[in-house]
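Student: After the sequence you'll find the predicted model.
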Amino acid sequence: MFHLKEQHVFYLFLMAGAGFFLKLSWDIPSGIGVENDPGAAFLPIVICVLILFLVSYLFVIEFREKSEKLFFSRAEFFALAGTLLLIFVYIFILSLIGFFASTIIFLFLFQRLNSYLLNSGGFNYKSYLVSALFSFIATLSIYFVFSVLFKMSLP
């Protein structure tokens, strides 16, 4: 019987991400008609293949080692599940209500969820005010950096 360790889960996420980017790299149009030109997709494909190879190697090495099992506490499990759910909801509502509103909501709920589950934070007006202030200032900072400094449009 095998037991997944924390590193195994991380390696599986890395392999899935590298596989996803490898698929995207194959869709990049090849060269501009120059003979023996590897094209724009060459470097991303090489990097993704290297990542897949190295992470697979690490996965196998770690899998062979015998060590303690990975146990999550109930609070950590719900914090992880809640965080993943919040990320998926954030990605979905980002295009519906825009960057500014969705990021403020996401950061506020994320901070409240982790404060409640991991720090046993109860209902406290000061902590809610700090969460709201942090969400607003962080969102403004991100917006300023990308919209004003980098001149990128955010959704």
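Tutor: Here it is on my side, so go on.
Student: drop to CA atoms for contacts and neighbour counts, all remaining ones
Tutor: OK.
Student: So, low pLDDT: which residues of the chain?
Tutor: Applying pLDDT under 70 to the chain flags residues 1-5, 30-37, 66-72, 120-122.
Student: Would you mind giving the domain segments of it?
Tutor: As assigned by automatic domain parsing, the chain contains the domains 6-64, 74-149.
Student: Format the ones you listed as a markdown table; extra columns: distance to Pro155.
Tutor: Below are the domains of the chain laid out as a markdown table (distance: least, C-alpha to C-alpha, whole Å):
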| stretch | distance to Pro155 |
| --- | --- |
| domain 6-64 | 22 |
| domain 74-149 | 5 |
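Student: Turn those domains into CSV, including mean neighbour count.
Tutor: Shown next, in CSV, are these (neighbours: other C-alpha atoms under 10 Å):
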stretch, mean neighbour count
domain 6-64, 14
domain 74-149, 15
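Student: for the chain, what spans make up the helices?
Tutor: Secondary structure of the chain (DSSP state H): helices at 6-26, 42-64, 74-97, 99-118, 125-143.
Student: got a markdown table for those, with distance to Phe150 too?
Tutor: Conversion of the helices of the chain to a markdown table gives the following (distance: least, C-alpha to C-alpha, whole Å):
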| stretch | distance to Phe150 |
| --- | --- |
| helix 6-26 | 24 |
| helix 42-64 | 24 |
| helix 74-97 | 20 |
| helix 99-118 | 16 |
| helix 125-143 | 10 |
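Student: In this structure Arg112 contacts Leu129, no?
Tutor: No: Arg112 is beyond contact range of Leu129, at 10.7 Å (criterion: C-alpha atoms under 8 Å).
Student: who are the neighbours in contact with Ile51?
Tutor: Listed by C-alpha atoms under 8 Å, 6 or more residues apart in numbering, the contact partners of Ile51 are 15, 18.
Student: ok, now with 10 Å
Tutor: For Ile51, the contact set (C-alpha atoms under 10 Å, 6 or more residues apart in numbering) comprises 14-15, 17-19, 22, 45, 57.
Student: I am finished for the moment; much appreciated.
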